[in-house]
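**Q** structure for this input, please:
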Amino acid sequence: MFKRLCSTAVILGAAALAPPAHAQPMTCLPRTDLIEHLEGRYSEHLAGGGMQSPLQLLEIWASDQTGSFTVFVTRPDGLSCVIATGQNWQDATQTDPEGVAG
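**A** Next up is the predicted model:
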């Protein structure tokens, strides 16, 4: 019993110390360079955004043509860091359901 308990503790301890499998470095570059890349290569345009904190502007750029999107934050010094990218962007336009009086 003691042998099993020690083996289990060692295995769980080793698993807890392992880095996450999905960890990857964050891409950061000047905002002007990033926007030039998004517009030129992916046909993305500003879809929305706002202040994440007093020192960080969060922006979402997306393309209706390619369906790609990019989420990044920009610091006051002009450096932007990409947080997420993806495909199959869907614009969420608000519409009133038919038959419902506003």
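**Q** rest of the way, CA atoms for contacts and neighbours
**A** OK.
**Q** who's in contact with stretch 30-45?
**A** Here stretch 30-45 makes contact (C-alpha atoms under 8 Å, 6 or more residues apart in numbering) with 61, 62, 63, 64, 65, 66, 68, 69, 74, 78, 79, 80.
**Q** low-confidence ranges in the chain?
**A** 1-24, 93-102 (pLDDT under 70).
**Q** now do the helices in it.
**A** Along the chain, counting by DSSP state H, helices occupy 2-17, 31-42.
**Q** tally of neighbours for residue 69?
**A** Neighbour count for residue 69, taken as other C-alpha atoms under 10 Å: 24.
**Q** isn't it up against residue 48?
**A** No. The pair residue 69 / residue 48 is not scored as a contact, 11.2 Å apart, by C-alpha atoms under 8 Å.
**Q** what sits in contact with each of the two?
**A** Listed contacts common to residue 69 and residue 48 are 60, 61; contacts here mean C-alpha under 8 Å, 6+ apart.
**Q** noted, bye for now.
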